[in-house]
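*Asks:* Got a sequence here, can you build the structure:
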Amino acid sequence: MDSNELKFLLKLLGCQNYRSPLAAASWKSFKGKDKICRVLGDRELIDYSREIASVKILPPGRALLKMDASQLPIGEIELKVLEKISKTSGKVKLSEITLVKAAEREEILQNLAKRGLVEVETQLQKKKAEVWLTQRGQEYLRDEFTAKGTHPIISLDLLTNYLRFLRKSRLVETDKVATTDKVETQLSDADILQVIQQLDQELGTENYLPIFHLRQKLQPPLIREELDRVLYRLQRDDQIELSSLVDTMPYTSEQIDSGIPQGIGGVLFFISVI
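*Replies:* Take a look at the predicted model:
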């Protein structure tokens, strides 16, 4: 890791929740931040707001276009977009897909990619991009990072950010141990699935339970990262589906922040039991 990458991480430690808009005034003098985002993002130490840069059709997508129209498992608009992409053997830039509005286009391409019909290439979001330290990044700085060399490369302010981060991590670990001691039995994935169903019935959310209700119910004993892992496991096991928030108006910023951030498409916000 070079000195600028290290400075970037330590600067991020000084931001609230280790998250910041890249357009914030504190980043304006930081040179090469877009490249650093890509490098650290590839190492999974940080993540950032992404948008689709280009798309390419895959063999399953071409095979689908040869099927009987009455048997196609996708909608009419998705089909037209797929046909447009299929006319080029290589990558198609997003600006070349003008069949639908920009917001709809992003969602359609994501859905086609999830089904394995196309391959999307992402890039740093051009407008209102945010960057944040990942769980892996926190683990690296807390447990693995070592500094070498004799020449000073960081300011005392950045060093203070790092020291505060280490102290906070130590307090969190202490609290986790104390909380674990108080909990007589650990909640299983099945227990949490049952809590989801109970909350949905109590709140009348019609199988679209906002995640912030579940967090409020389970903290403690489950911290945010632990609950995220449980929800991902339940999704992999086809017990639940996680879906994104489209209309933000009915919710507060704190409630929206309780979702699970994604590189593309905002946060995962709703839980539906399958």
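*Asks:* In which helix or strand does Glu51 reside?
*Replies:* Following DSSP states H and E, the helix or strand that holds Glu51 is strand 50-57.
*Asks:* Report the buried residues of the helix or strand following that strand.
*Replies:* Past strand 50-57, further along toward the C-terminus, the next helix or strand under DSSP H and E is helix 59-65. The neighbour-count check on helix 59-65 (16 or more other CB atoms under 10 Å) flags Gly61, Leu64 as buried. Yep, even glycine has a C-beta here, placed from its N, CA and C like the rest.
*Asks:* which residues in the stretch 151-274 of the chain form strands?
*Replies:* Using DSSP state E, counting those that start in this stretch, the strands of the stretch 151-274 of the chain run over 209-210, 240-244, 260-261, 267-273.
*Asks:* For Lys56, which of the ones you listed is the nearest?
*Replies:* Closest approach to Lys56 among the strands of the stretch 151-274 of the chain (CB to CB): strand 240-244, 23.3 Å.
*Asks:* mind listing what's buried in that closest one?
*Replies:* Ile240, Leu242, Ser244.
*Asks:* Lowest average confidence across the strands of the stretch 151-274 of the chain, which one?
*Replies:* Confidence, taken as mean pLDDT, is least for strand 260-261 of the strands of the stretch 151-274 of the chain (a mean of 88).
*Asks:* Touching that strand from outside, list them.
*Replies:* The list of residues contacting strand 260-261 from outside it, by CB atoms under 8 Å, 6 or more residues apart in numbering, reads Asp47, Trp132, Ile211, Asp228, Leu231, Leu242, Val267, Leu268.
*Asks:* can you check stretch 122-140 too?
*Replies:* Stretch 122-140 is contacted from outside by 9, 12-13, 17-23, 34, 37-38, 40, 44-53, 141, 165, 169, 225, 261, 263-264, using CB under 8 Å, 6+ apart.
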